[in-house]
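Q: turn this into a structure:
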Amino acid sequence: MTKYIVSFLPIMVSALTLLVNFLHGSTKNKTGIVDTLSKELANKNPNPYVVQACIARIHNSRPIPASILRKLLSYDHAFEIIQLISYGRKILDIFSFNETNGNITVGYSDAYKLARNRLGSGMLCLCAMLFCYYLSITTLIELIISVDTMTERNGKILSTWIGLAPNVGGFLFSMIMNFLFSWQFQIILFSRNRIDRIQILLDAGRCASYRRRATVRS
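A: Numbering: from 1, shown residues only. A predicted model of the protein is given here:
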């Protein structure tokens, strides 16, 4: 049975690789977007739409308000801050930037401010993840049994292998969904730690920005 499990590993790895590339985008495409963003920021009055669109595409997340970006891009650790918050603004919209007394803060979006909403969403992701995991395992076992019990004669018939296509498709689908739900579950689970980390970087970046302004004035 082990040899059949090993034979299905390349299929699993290929499916997950395609999914990760889709979610994060290709490096080649992002290089062109970074060039466009650099040219736009070099202008005296950058177009807010272009800046928002470029940063959202680079990080594959929902756009950040232009008023926030205008200040955020001048902070130290701006890239790390946007990268950290973007994980919670891809599929789920769990994080949001706010501006209070001229200072940028980060917190939960309106839909996730209540702890019970986060708990409910997390439990839903966990249940869906476990179900997809169970489905992928049972489908894989069925595939292994089908291949193992296949006679040598049937193994040479193309239609026999085509008949396994629905099970292979179901297996790949359940594996991909398991990955997605587990990813969202860990984002919700560690969301408070991520918010605290982002806020520390925001405070450090704001202090550095003030110091630079004071140096220029003097």
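Q: residue closest to the middle of this structure?
A: Taking C-alpha atoms, centre = their mean, the centroid of the chain lies closest to Tyr87, which sits 5.0 Å from it.
Q: that residue and Asn193 touch, don't they?
A: No - judged on C-beta atoms under 8 Å, Tyr87 makes no contact with Asn193 at a distance of 11.8 Å. (C-beta placed from N, C-alpha, C; glycine too.)
Q: and Leu126, what does it touch?
A: 181, 185 (C-beta atoms under 8 Å, 6 or more residues apart in numbering).
Q: how far out from the middle of the chain is whichever helix or strand it is part of?
A: Applying DSSP states H and E as the criterion places Leu126 in helix 115-148. In terms of C-alpha atoms, centre = their mean, to the nearest Å, the centre of helix 115-148 is found 19 Å from the chain centre.
Q: buried sites along it?
A: 117-118, 121-122, 125-126, 128-129, 132-133, 135-136, 139-140, 143-144, 147 (16 or more other C-beta atoms under 10 Å).
Q: find the nearest non-adjacent residue to Leu69, please.
A: Spatially, and ignoring its direct neighbours in sequence, Leu69 is nearest to Val51 (6.0 Å; C-beta to C-beta, 6 or more residues apart in numbering).
Q: distance check, the one you found against Tyr87.
A: Using C-beta to C-beta, to the nearest Å, Val51 is found at 21 Å from Tyr87.
Q: re the thing from before, now the residue nearest to the centre of the chain: phi and psi?
A: Backbone dihedrals for Tyr87, given as degrees, to the nearest 10, come out at phi -60, psi -30.
Q: ok, it - contacts?
A: 61, 187, 194.
Q: and Gln199, by the same measure?
A: So Gln199 contacts 105-106 (C-beta under 8 Å, 6+ apart).
Q: quick one: it from Tyr112, how far?
A: 16 Å.
Q: repeat for Ser86
A: In terms of C-beta to C-beta, Ser86 sits 16 Å off from Tyr112.
Q: ok, Ile198 next?
A: Taken as C-beta to C-beta, the span from Ile198 to Tyr112 is 15 Å.
Q: of the two, who's got more company?
A: Ile198 (24 against 19; other C-beta atoms under 10 Å).
Q: tell me the contacts of the more buried one?
A: So Ile198 contacts 81, 84-85, 95, 106 (C-beta under 8 Å, 6+ apart).
Q: among these, which pair sits farthest apart?
A: Ile81 and Phe95 (10.9 Å; C-beta to C-beta).
Q: still on that earlier bit, inside helices: which ones of the contacts of Tyr87?
A: The helices, defined by DSSP state H, take in 187, 194 from the contacts of Tyr87.
Q: flag the least confident of the contacts of Tyr87.
A: Scanning the contacts of Tyr87 for pLDDT, the low point is Ser61. It has 88.
Q: surely it meets Ser86?
A: Yes - at 3.7 Å, Ser61 and Ser86 qualify as touching, with contact defined as C-beta under 8 Å.
Q: just to revisit the earlier point, got JSON lines for the contacts of Tyr87, with neighbour count and distance to Val168 too?
A: Listed next are the contacts of Tyr87 as JSON lines, based on neighbours: other C-beta atoms under 10 Å; distance: C-beta to C-beta, whole Å:
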{"residue": "Ser61", "neighbour count": "20", "distance to Val168": "32"}
{"residue": "Ile187", "neighbour count": "21", "distance to Val168": "29"}
{"residue": "Arg194", "neighbour count": "17", "distance to Val168": "36"}
